[in-house]
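Engineer: Below are the sequence and a predicted model; questions follow.
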Amino acid sequence: LQLFDELAPPEVAAAEKLEKEKKEKEKKEKEKKDKGLWLDAWQDPLAAVKAFSCCVDLADINGDGDYKLLIADASRKLKVFSGTGIVSENPLLDTPCAIACFYMDYNESVRRPAVAVAAGPYIFIYKNLRPYYKFTLPPMEINQIESDVWSNLRNGKITIQSAIDDLENAKENGVVLTARSLDLLSLEDDAEKQQGFVTEHKNLPLIQQTVITSMTVLRKDKDEHGSIGCLVIGTENTRVLILDPTGSSIMKKVQLPSIPAFIVATGLYDVDYRIVVACRNGNIYTVKNGELMGIVIELESQPCGLVRVDKSIIVGTMANVLHSHHVKGKKQYSIYLPSSITNMCALTMETMRTTKATIVALANGEVRVYNGKTLINMLMSQDVVSGLRFGRYGREDNTLVLTYKSGCVQIKMLPRLANLEPGKGINSGPPPEQDIPLKVPKKTKLYIEQTQREKEFGIEMHRVFQRDLCKLRLATARAYVKVLTDGQGPLSYTSGSSLRLTAHVQGLGPLFKIKLNIQNTGTKSLTAIPIVFTFNQAIYKMGKPTILLPVLVPSLVYNYEVDVECLDESAGADVIRVYVCNPQSAIPIITALVNMPLADFLINQ
């Protein structure tokens, strides 16, 4: 036994060491599994790309099944990447603000999508990476007052100072002026510059051009790959325009309360569609089949990203919060993030079942994947992400393209056996906050003594409470019985009779009328029942203060009226008591109190 006791401690230590190593191994495997959700495919730190998510797209521009990466760079270049390198660069005429790829028709033997690049008031459409068509936004409507001012200046009917005064008045009355008029108003107290500006611009046509703020694609007739689509664009003059599949004309115009910042379109134009628009005023509006719906989602701050996942609208705000709303406007949940949101995009993974999630890039370099409100994976990058796009690249279906602030382009792939279900998330199970003890406020000595006394004498305190409660109930019951037996209540059960009496007063004064309703609720008839009125004779006068009831038949209601006159104007109001007496007893059967109102002697005068 002594030898066993000497050998036991080392064996126990060895077992504990093995168990500790096993736990560390499981922990490392879990961390490796979490980090291994994304596979590094390619990275070009010298790509010198300056583009946001709206200027990044993936498309099969050659129709051979090999998807290319298209980036509309801020340096006015349309860059096309294939494999691990850039294959072409096309110059752009203006700084791009959005890019979209869509199919224009079904007639081609080799299906190649068109590439639409939005820049300023124009949409440049490319086919086979060659310029095909340029669409120009229609000019804004000019207010008639401003148009008349410039027409009069052109014809010499008014002076420059009068024109400036008219434009100032129009601006104060809420008229939206063109850039030309605003430039003229900015030249204050400089008659020479004003004269030169008017001479230079008065013979030119007065046109105010708007610009494009966002763009997406809405499928027209089929919900499948390769179906023709329609461009949906948001403009600076608070409009959403839907173009025809050729991109040459406008099919639908919708006016919004504010300037659109992000647009997401779902459904089919020929069947049923919804366009969700996040605007700069911090509201989200929904356009259904060309009509602006009354559903408005109000955010606490301006939106910085918008994603549609099934029937949920997920929006990121500048308050570092990710909100989820149903398409009908009901809020579902909110996720508070540790840093600012820079970009968002939707993730759709087609395997045995379709999995949809949301990818969120933060200013601290984190790239998070959420399925619902469950955090599935968190990727840490060394730079701030400026653009996100998830889709097919090359022959790989699930590819994530990231552009960074430094100009780097990185491509990551999602394994085909990756599990994005909510149960496999990082934060699955109870939240870690429940293991942190709450900060209990400091207790005083009096509170501790009171708590200890309640613990020790809890049974006795409960018994005392129950005893006092029973006494209170008994006293209440006795008082109620006394009221009924003394005839002070609205009902009476004395002397074998049961009566109900109600009294109402009518009139403004000085003449009043008291209406009595008396009913025998018992089973026996009553005879020779007197009713007596008592009142202050210095205030009121009654012709006959007694009434004799010859008989009271059960269940019948008897109505009586008594005239009362107020004698003293300054005496105020008093109470008149009505007693239904019992001929065989000094205690009345039932009593009623009539609160008389103040008399209005002006009517009598």
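Structural biologist: Thanks, I have it.

Engineer: Verify the stated contact: Pro139 with Gln209.
Structural biologist: Yes - judged on C-beta atoms under 8 Å, Pro139 makes contact with Gln209 at a distance of 5.6 Å. (Each C-beta comes from the backbone N, C-alpha and C, glycine too.)

Engineer: May I have stretch 109-118 as PDB, with CA atoms only?
Structural biologist: Taking C-alpha atoms only, stretch 109-118 is exported to PDB below (Å, rounded to 0.1, in the frame of the first residue of the first chain):
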ATOM      1  CA  SER A 109     -25.500  32.300 -80.400                       C
ATOM      2  CA  VAL A 110     -22.800  32.900 -77.800                       C
ATOM      3  CA  ARG A 111     -24.300  34.700 -74.800                       C
ATOM      4  CA  ARG A 112     -22.100  37.600 -73.800                       C
ATOM      5  CA  PRO A 113     -23.300  40.100 -71.200                       C
ATOM      6  CA  ALA A 114     -23.000  43.800 -71.700                       C
ATOM      7  CA  VAL A 115     -21.000  45.900 -69.300                       C
ATOM      8  CA  ALA A 116     -22.600  49.100 -68.000                       C
ATOM      9  CA  VAL A 117     -20.400  51.700 -66.300                       C
ATOM     10  CA  ALA A 118     -22.100  54.700 -64.700                       C
END
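
Engineer: Pull out the buried positions in that stretch.
Structural biologist: 112-118 (16 or more other C-beta atoms under 10 Å).

Engineer: average pLDDT across it?
Structural biologist: On average, the pLDDT along stretch 109-118 is 90.

Engineer: cool, and stretch 214-229?
Structural biologist: 90.

Engineer: Give me the contacts around that stretch.
Structural biologist: 54, 97-106, 111, 116, 118, 123, 230-234, 242, 245, 260-265, 267-271, 273, 275 (C-beta atoms under 8 Å, 6 or more residues apart in numbering).

Engineer: list the buried ones in stretch 362-371?
Structural biologist: 362, 365-371.

Engineer: for these, which one is nearest Asp383?
Structural biologist: Gly365 (6.5 Å; C-beta to C-beta).

Engineer: which residues touch the closest one?
Structural biologist: 380-385.

Engineer: Just the buried residues out of those, in PyMOL syntax.
Structural biologist: Here is the PyMOL command that picks out the buried ones among those, judged by 16+ other C-beta under 10 Å:
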select buried, resi 381+384+385
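
Engineer: just to revisit the earlier point, columns pLDDT, distance to Arg280 and secondary structure on top of the buried residues of stretch 362-371, output as TSV?
Structural biologist: Listed next are the buried residues of stretch 362-371 as TSV, based on pLDDT from 0 to 100; distance: C-beta to C-beta, whole Å; DSSP: H, G, I helix; E, B strand; the rest coil:
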residue	pLDDT	distance to Arg280	secondary structure
Leu362	94	22	strand
Gly365	90	27	coil
Glu366	91	26	strand
Val367	92	26	strand
Arg368	92	25	strand
Val369	91	28	strand
Tyr370	91	25	strand
Asn371	90	30	strand
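
Engineer: which of those residues sit farthest apart?
Structural biologist: Longest span within those, C-beta to C-beta: Gly365 and Asn371, 21.5 Å.

Engineer: what ranges do the helices span in the protein?
Structural biologist: 2-35, 144-155, 160-172, 179-186, 191-201, 445-456, 458-485, 601-604 (DSSP state H).

Engineer: mean confidence for stretch 556-567?
Structural biologist: 89.

Engineer: ok, and what's touching that stretch?
Structural biologist: 505, 509-520, 531, 533, 535, 538-544, 547, 549, 552, 576, 596, 599.

Engineer: Now with 7 Å, please.
Structural biologist: 509-519, 533, 539-543, 547, 552, 599 (C-beta atoms under 7 Å, 6 or more residues apart in numbering).

Engineer: Any chance of a PyMOL selection covering the buried ones in the contacts of stretch 214-229?
Structural biologist: A single PyMOL command selects the buried members of these (16+ other C-beta under 10 Å):
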select buried, resi 54+97+98+99+100+101+102+103+104+116+118+123+230+231+232+233+234+242+245+260+261+262+263+264+265+268+269+273+275
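
Engineer: before we move on, back to that, selecting buried members of the contacts of stretch 556-567 in PyMOL, what would you type?
Structural biologist: If you want just the buried ones from the contacts of stretch 556-567 in PyMOL, going by 16+ other C-beta under 10 Å, the selection is:
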select buried, resi 509+510+512+514+516+518+519+533+539+540+542+547+552+599
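
Engineer: Which of the contacts of stretch 556-567 fall within strands?
Structural biologist: 511-519, 533, 540-542, 547, 552 (DSSP state E).

Engineer: does Thr286 have beta-bridge partners, and which?
Structural biologist: As for beta bridges, Thr286 partners with Val276 under DSSP bridges.

Engineer: Tell me, how many residues neighbour it?
Structural biologist: 19 (other C-beta atoms under 10 Å).

Engineer: In this structure it contacts Tyr273, no?
Structural biologist: No - counting by C-beta atoms under 7 Å, Tyr273 is not a contact partner of Thr286; they are 10.8 Å apart.

Engineer: before we move on, back to that, in CSV, list the helices of the chain along with mean pLDDT.
Structural biologist: Below are the helices of the chain laid out as CSV (pLDDT from 0 to 100):
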stretch, mean pLDDT
helix 2-35, 58
helix 144-155, 86
helix 160-172, 86
helix 179-186, 85
helix 191-201, 83
helix 445-456, 83
helix 458-485, 88
helix 601-604, 54
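
Engineer: Which of these sits closest to Tyr67?
Structural biologist: Per C-beta to C-beta, nearest to Tyr67 of these: helix 2-35, 26.6 Å.

Engineer: Just the pLDDT at the residue nearest to Met349 when sequence neighbours are not counted, thanks.
Structural biologist: For Met349, ignoring the flanking residues on the chain, the nearest one in space by C-beta to C-beta, 6 or more residues apart in numbering is Thr355 at 4.4 Å. Here, the pLDDT recorded for Thr355 equals 85.

Engineer: same question, the one 3 residues further on
Structural biologist: What the model reports for Thr358 is a pLDDT of 93.

Engineer: Can you tell me who the nearest residue to it once chain neighbours are set aside pairs with across the strands?
Structural biologist: Nearest non-adjacent residue to Thr358, counting by C-beta to C-beta, 6+ apart: Tyr370, 4.8 Å away. Here Tyr370 sits in beta bridges with Thr358, Leu375, as judged by DSSP bridges.

Engineer: now do Leu499
Structural biologist: In beta-bridge terms (that is, DSSP bridges), Leu499 pairs with Ser492, Asn520.

Engineer: Enumerate every residue touching it.
Structural biologist: Leu499 touches 492, 518, 520-521, 580, 589-590, counting by C-beta under 7 Å, 6+ apart.

Engineer: For these, I'd like a selection string for ChimeraX - just the buried members, please.
Structural biologist: Selecting only the buried entries of the contacts of Leu499 in ChimeraX, with 16+ other C-beta under 10 Å as the criterion:
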select :492,518,520,580,589,590
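
Engineer: so which one among the contacts of Leu499 has the lowest pLDDT?
Structural biologist: Minimum pLDDT across the contacts of Leu499 falls on Ser492, with 59.

Engineer: thinking again about what came up before, quick one: closest of the helices of the chain to Val309.
Structural biologist: Each of the helices of the chain has some distance to Val309 by C-beta to C-beta; the shortest is helix 2-35, at 22.4 Å.

Engineer: Run through the stretch 301-450 of the chain and note the low-pLDDT ranges.
Structural biologist: 352, 423-433, 438, 440-443 (pLDDT under 70).

Engineer: now the strands for it?
Structural biologist: 303-309, 312-317, 321-326, 331-336, 341-350, 354-362, 366-371, 374-380, 385-393, 396-404, 409-413 (DSSP state E, counting those that start in this stretch).

Engineer: Parallel or antiparallel, list what pairs with the shortest one.
Structural biologist: Just to be clear, that refers to strand 409-413. strand 39-44 (antiparallel), strand 396-404 (antiparallel).
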